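**Student:** Sequence plus predicted model, see below.
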Amino acid sequence: MNNHLISQKLLAHARNLQGGANLYRVRSYRHAAMVIDGLHRPVADLLSADGRAALARLPGIGEHLAYTIEMLLRTGKIVTFNERRRESQLA
């Protein structure tokens, strides 16, 4: 999955969140999309080389968004850190 496609998926998720999510969360997804779309190096290469920490070091992308981007690269789906935590608590 290339950077532009990742960016588009993050923007689509931000649009889906607009109805009831925290405004800052929506902005975070939009910002992450812009950062990723502007990178000259594939995000997949960053993840392969240095793991999720490399994603978290990108401007404005913290641990939770880094997790979501990693899961997007690995599964093709948006999986948030909080969703994953809830699933593990239910199991």
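**Tutor:** Thanks, I have the structure now.
**Student:** thought Ala56 was touching Glu70?
**Tutor:** No: here Ala56 lies out of contact with Glu70, judged by CB atoms under 8 Å, at a distance of 9.7 Å. Where you see a C-beta, it was placed from the backbone N, CA and C, and this is true even at glycine.
**Student:** What are the boundaries of the helices in the chain?
**Tutor:** Shown for the chain, the helices assigned by DSSP state H span residues 3-17, 23-37, 43-50, 52-56, 63-75, 81-90.
**Student:** Contacts made by the second one with the rest, please.
**Tutor:** Contacts made with helix 23-37 from outside it, assessed by CB atoms under 8 Å, 6 or more residues apart in numbering, are listed as 3-4, 6-8, 10-11, 13-14, 17-18, 43, 58-61, 65, 69.
**Student:** Now with 7 Å, please.
**Tutor:** Surrounding helix 23-37, the residues in contact under the criterion CB atoms under 7 Å, 6 or more residues apart in numbering are 3-4, 6-7, 10-11, 13-14, 17-18, 43, 58-61, 65.
**Student:** one step back: which one's more surrounded, Ala56 and Glu70?
**Tutor:** Using other CB atoms under 10 Å, the more surrounded residue of Ala56 and Glu70 is Glu70, with 20 against 17.
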